[in-house]
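Let's see this in three dimensions:
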Amino acid sequence: MSNFDLKKYLAEGRLLKEYDNSRPYPQDYYMDDNDPYNDPYNPFMQGRGKIAITKDEKNTVLLDFIKQNQREVAKQVGAIRLEDIMIDDSRDVGATGIYNNDGDEIKGGLAFRFPEDVDDRFKGEEGDKPKPITVAAIKLMYIGYNI
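Predicted structure coming up:
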């Protein structure tokens, strides 16, 4: 241990590399190197592992991410609490148990996608455009709908 050089160790960046490799999710998922939505500022899109995954697998990652960050997601969409978070019939990640600041349940739902997965069919109840949010440095889009 007497030969250990802290300055050299830090200069090599090994500490950051070791830390970065200990976080496998969601940064390890990436669809395609030639994807026009490759955003170097979005940790999800940095493509560290370049693991090709299907839409269903990607939605499972998004579902887990939203469940792990429920409070922050709820805060970002203007709610106090989200419940019943699942993959819905249209294969989007959705939440139907939405509670406002008074604790009253809102009769409606939310659907979430990653920005690169938003298409013309991803619209709100009255044709509203998806709204952006950022949770834990991950960019998401969401829409609201009536039940």
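
any idea how far E83 is from I98?
For E83, the distance to I98 equals 8 Å [CB to CB, to the nearest Å]. From N, CA and C alone the C-beta is placed, and that goes for glycine too.

The two: which is more packed in?
I98 (22 against 12; other CB atoms under 10 Å).

That one: helix or strand, and which one exactly?
Per DSSP states H and E: I98 is located in strand 93-99.

right, and the helix or strand after that strand?
Using DSSP H and E, the first helix or strand after strand 93-99 is strand 105-106.

ok, back up a step: pairing partners for the strand holding I98, with directions?
Strand 93-99 has the following strand partners under DSSP bridges: strand 81-87 (antiparallel), strand 105-106 (antiparallel), strand 109-113 (antiparallel).

possible to save those strands as a markdown table with mean pLDDT?
A markdown table is the format used below for those (pLDDT from 0 to 100):
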| stretch | mean pLDDT |
| --- | --- |
| strand 81-87 | 89 |
| strand 105-106 | 76 |
| strand 109-113 | 92 |
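
Turn those into CSV, including distance to K55.
As requested, the strands paired with strand 93-99 are arranged in CSV below (distance: least, CB to CB, whole Å):
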stretch, distance to K55
strand 81-87, 10
strand 105-106, 28
strand 109-113, 10
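
which residues of this protein fall in helices?
6-12, 14-21, 55-68, 70-76 (DSSP state H).

Check which residues of the longest one are buried.
Of the residues in helix 55-68, those buried by neighbour count under the rule 16 or more other CB atoms under 10 Å are K58, N59, V61, L62, L63, F65, I66.

And for stretch 136-147?
Buried, per 16+ other CB under 10 Å, within stretch 136-147: I138, K139, L140, M141, Y142, I143, G144, Y145.

that older thread, looking at the strands paired with strand 93-99, which is buried most?
strand 109-113 (a mean of 22; mean count of other CB atoms under 10 Å).

Can you pull out the residues in contact with that strand?
Outside strand 109-113, the residues that touch it by CB atoms under 8 Å, 6 or more residues apart in numbering are 62, 66, 73, 77, 82, 88, 90, 92-96, 98, 122, 130, 140-147.

returning to that earlier point: of all the strands paired with strand 93-99, which one is nearest K7?
strand 109-113 (44.6 Å; CB to CB).

Could you check how many residues crowd around the residue nearest to I133 when sequence neighbours are not counted?
Nearest non-adjacent residue to I133, counting by CB to CB, 6 or more residues apart in numbering: Q76, 4.0 Å away. When neighbours are counted by other CB under 10 Å, Q76 registers 16.

Nice, that's everything, thank you.
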